[in-house]
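1. Just need the structure, nothing else, for what follows:
(chains A and B)
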Amino acid sequence: MNADVFTIKNLDLHYGTLQALKDININIEKNKVTALIGPSGCGKSTFLRCLNRMNDLIDVCKINGDVLFHENDVYDRNYDVISLRTKVGMVFQKPNPFPMTVYDNIAYGPRCQGVKNKDKLDKIVENSLKKSAIWEEVKDRLKDSAIGLSGGQQQRLCIARAIAMEPEVILMDEPTSALDPIATLKIEQLITDLKKNYTIIIVTHSMQQAARISDNTAFFLTGELIEYDKTDVIFSNPKHTKTEDYITGRFG
Amino acid sequence: MTFRTQFEKELEELKLSLIKMGDIVIKNIHEALKAFLDMNTELADEIIKKDKLVNECEYNIEKECMRIILREQPVARDLRLITSVLKMITDLERIGDHAADISKLTVFMEKTNQPFSAKQIVKMVDVSEEMIKLALESFVNQDQTLALEVIAKDDVVDDLFSEVRNLVADAIRNRNIDADYALYLMMVTKYLERIGDHAVNLAEWVLFSILGYHK
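-> Next up is the predicted model:
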């Protein structure tokens, strides 16, 4: 059985004339946390957004190369983007709950998929919130607006909302950068728990976070994938000077 | 280009502290053997007292390493460097202990009119001192070749140990050596042999700091 969820081959991405990703080759392992690190503008978020075709929304964006999700090219013209985004969920930097109740936030996706049965929806909501370690905090507030939750709770709600779609992969773009240290640790613990059932790819500016929670780390610089290895190797004995300079703070 | 000038300064200061500790240790073993050979109990007493300095160095460097880990959260070569320092000070401290051990033997040794002369033992100290010096130099300059030279030199110390052992055994058989002195001499020789082993450990941690793996 292939343990790789994504296989990326010779991926180039241009925003107009600017090349944002250059010949990226990387495999994403199943049930692992993969961290993408690098300075701002290095292409790590752009890369993350390639994986569920979020870059499709940008007109000037041109992509070449292969992004294989279970060996199927997601950029194939016949590929079903809706099903891709169901299987590959996403959580953003700023918690973005919908302006509706906690319950409806979670039920929104399944309802769009045609789930109408109340009991089934109740079960999905409860399970998703439990898996996101927020059920105990919101079980009595399911009918309250999600906007009233704290930042950390909102972010876990967003993870629950992604989980409700039963994805295989969860993409996270700096999911804790707007959170306080306690909320951050809760999300980090959650990520560690979630990897049993999901594959997680996380963009982070916190090197300590990458070191704490990820199994593999990819270092991007000016659109290139400089180094990709086990996280322990990257942070103890990286092979490339550029990686070493970046993680040790010798590089601006 | 670096944005961590303060951190780099701290790492340089850490290396300097290690060298300083090494200098004290080298001086102590040199004088410990001199005191033993000359049966100079005053000098031996002094060295026993000076061992406290070595222990203080170890404590201070250890504290500084912890502070740097806490505040700078070093990774990669920086983390390896600090880990190596933490390990190396333990070996230096042990070498210091052996200098004190030799001095204690000197203090308690029954004086004999006929000390047995074994030139090899002086050579053992010379080579061990050289090994410690080179190990520290290889650390400061992150010089892999030099660290490997240190490890190779341990064979010289081991050979000298065997030579002294054979000399003493012959002397015992021929009744040319005071029995107590023979025992003390062999114990000192064993301490010197152990010092060579600790110097090898130092060099191995230097290699770890450079290469990222430990033998």
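2. Residues of chain B that sit close to chain A?
-> For chain B, the contact set with chain A under C-beta under 8 Å from any C-beta of the partner chain comprises B:1-4, B:7, B:73-80, B:211-213. (Each C-beta comes from the backbone N, C-alpha and C, glycine too.)
3. I'd like to know how far the nearest residue to A:S145 once chain neighbours are set aside sits from A:D119.
-> With C-beta to C-beta, 6 or more residues apart in numbering or on different chains as the measure, A:T101 is the residue that lies nearest to A:S145, at 6.1 Å, once sequence neighbours are left out. Computed with C-beta to C-beta, to the nearest Å, the distance linking A:T101 and A:D119 is 18 Å.
4. Of those two, which one has the most company?
-> For the pair A:T101 and A:D119, the greater number of neighbours falls to A:T101 (18 against 7), based on other C-beta atoms under 10 Å in any protein chain shown.
5. In contact with that one, which residues?
-> The contact partners of A:T101, by C-beta atoms under 8 Å, 6 or more residues apart in numbering or on different chains, come to A:142-146.
6. And A:A20, by the same measure?
-> By C-beta under 8 Å, 6+ apart, the contact set of A:A20 is A:13-14, A:43, A:46, A:223.
7. Just to be sure, it is in a helix?
-> No: counting by DSSP: H, G, I helix; E, B strand; the rest coil, one finds A:A20 to be strand, located in no helix.
8. For the stretch 1-150 of chain A, just list every one of the strands.
-> A:4-15, A:18-29, A:33-37, A:61-69, A:72-73, A:88-91 (DSSP state E, counting those that start in this stretch).
9. Which neighbours in the sheet does the fifth one have, and how are they oriented?
-> Which is strand A:72-73. Based on DSSP bridges, the pairing partners of strand A:72-73 within the sheet are strand A:61-69 (antiparallel).
10. Residue of the stretch 51-200 of chain A nearest chain B, please.
-> Each residue of the stretch 51-200 of chain A has a distance to chain B, by C-beta to the nearest C-beta, and the smallest belongs to A:P181, at 14.4 Å.
11. wait, what's in contact with that residue?
-> A:P181 makes contact with no residue under the criterion C-beta under 8 Å, 6+ apart.
12. follow-up on the earlier one: how about TSV for the strands of the stretch 1-150 of chain A, with mean pLDDT added?
-> Below are these laid out as TSV (pLDDT from 0 to 100):
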stretch	mean pLDDT
strand A:4-15	97
strand A:18-29	97
strand A:33-37	98
strand A:61-69	96
strand A:72-73	96
strand A:88-91	96
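13. Comparing these, which comes out most buried?
-> For the strands of the stretch 1-150 of chain A, the largest average neighbour count (mean count of other C-beta atoms under 10 Å in any protein chain shown) is found in strand A:33-37, namely a mean of 26.
14. Return the distance of that one from the chain's centre.
-> Relative to its parent chain, strand A:33-37 has a centroid offset of 9 Å by C-alpha atoms, centre = their mean, to the nearest Å.
15. which secondary structure elements does it contact?
-> Counting contacts by 3 or more C-beta pairs under 8 Å, 6 or more residues apart in numbering or on different chains; DSSP states H and E, strand A:33-37 is packed against helix A:44-50, strand A:199-203, helix A:207-213, strand A:216-221.
16. Other residues contacting the first one?
-> Okay, so that is helix A:44-50. Defining contact as C-beta under 8 Å, 6+ apart, one finds that helix A:44-50 is touched by A:8, A:11, A:13, A:20-21, A:24, A:36-38, A:55, A:63, A:67, A:171, A:173-174, A:201, A:203, A:218, A:220.
17. please redo it, this time with the cut-off set to 7 Å
-> Under the contact criterion C-beta atoms under 7 Å, 6 or more residues apart in numbering or on different chains, helix A:44-50 has outside partners A:11, A:13, A:20-21, A:24, A:36-38, A:55, A:63, A:67, A:171, A:173, A:201, A:203, A:220.
18. Neighbours of residue 210, how many?
-> Here I'm looking at chain A. Using other C-beta under 10 Å, A:A210 is surrounded by 25 other residues.
19. my bad, the chain I had in mind was chain B
-> Using other C-beta under 10 Å, B:I210 is surrounded by 18 other residues.
20. Quick one, which of the residues of chain B next to chain A are buried?
-> Buried residues within those, defined by neighbour count using 16 or more other C-beta atoms under 10 Å in any protein chain shown: B:7, B:74-80, B:212.
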